[in-house]
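>>> got a sequence here, can you model it:
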Amino acid sequence: MVFFSNCKINLGLHITARRPDGYHDLETVFYPLPLYDVLELLPAEETGLSLYGLPIPGNKENNIVLKAWQLLKRDRPELPPVWFHLLKNIPAGAGLGAGSANGATALSALNRLFDLQLPEKQLLKYALTLGSDCPFFIRNTPSYGTGRGEELQPVSLDLGRYYLVIVNPGIHISTAWAFSRLTPGPPAHSLKNIAASPPSEWVSFVANDFAPLVFEAYPEVKEIRDRLHATGAVFTAMTGTGSTVFGLFRSRPGTIAFPDTYFVRYICLDDPLLR
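Residues are numbered from 1 along each chain as shown. The predicted structure is shown next:
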């Protein structure tokens, strides 16, 4: 069976407190994107993973897709072996949550393929074990996220009339580096009511706490944000801890000049697969 694993952007991101368990409390709005990796599951004599497309750092045996199978196998010993084929179209470590999406998609796919009949509540629990962003991809709808990101409330936000341009310069931003330089604290403006204002007004209250740190250390990322704004984006921001920057446009912009080495995608947000 073949499944499509989409990514997300953060419409604002605030780190509000450091937790006793070593994680951080945050506030964000997740928005799903119609940009996909492809995950195929096939019966096999042993469980394994074949990777295609864009590179993924680290040991393949530690891939989150295999961890998803291992999680279910622990509680469901009868789960048969599966060979995964993962086509990576979305860059890893870019703030787009592609790895988290792969893990959540693997959980949902295994649940469906083997008719495990796991309720959403249980899938969300497994997903949180895999990573803080993973629960969002179980529901995969615009959501206001708090806690580690797993406390999700639906947001009535439809950006289907907009075009999105996402740009990643290939700079890897270490999550540990980003968090080590950030001082958590309450946000000046909450993101909870983001849907009450159009994107053209977001600049006054929607912010990413990591952006100033990344822009100072990597001016190239700030230059991308500035170029998107100068080209007519009604709102621009960095997603996650970076280094991907996105711009929202009221209509499809012309080709924007970026180096050939950059990952650049023009996306119509009115995609039926996310409805």
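>>> now the helices for this protein?
64-75, 98-113, 120-130, 134-139, 175-180, 211-217, 219-230 (DSSP state H).
>>> could you give the mean pLDDT of the fifth one?
In other words, helix 175-180. For helix 175-180, the mean per-residue pLDDT is 90.
>>> give the buried residues for it.
Residues of helix 175-180 classed as buried: 178, 179 (neighbour count, 16 or more other Cβ atoms under 10 Å). No exception for glycine: its C-beta is placed from N, CA and C like everyone else's.
>>> burial measure for the nearest residue to residue 95 once chain neighbours are set aside, as a count.
The shortest distance from residue 95 to any non-neighbouring residue, by Cβ to Cβ, 6 or more residues apart in numbering, is to residue 240 (2.8 Å). Around residue 240 there are 22 other residues, counting by other Cβ atoms under 10 Å.
>>> residue 240 contacts residue 13, doesn't it?
Yes - applying Cβ atoms under 8 Å, one finds residue 240 in contact with residue 13, separated by 6.8 Å.
>>> still on that earlier bit, confidence score at the residue nearest to residue 95?
Looking at residue 240, the pLDDT reads 95.
>>> count residues in the vicinity of residue 36, would you?
Neighbour count of residue 36, defined by other Cβ under 10 Å: 19.
>>> so what sits opposite it in the bridge?
Taking DSSP bridges as the rule, residue 36 bridges to residue 6.
>>> what sits against it?
4, 5, 6, 7, 89, 90, 273 (Cβ atoms under 8 Å, 6 or more residues apart in numbering).
>>> hmm, back to that, please identify which of the helices of the chain is closest to residue 256.
Among the helices of the chain, the nearest to residue 256 by Cβ to Cβ is helix 219-230 (6.6 Å).
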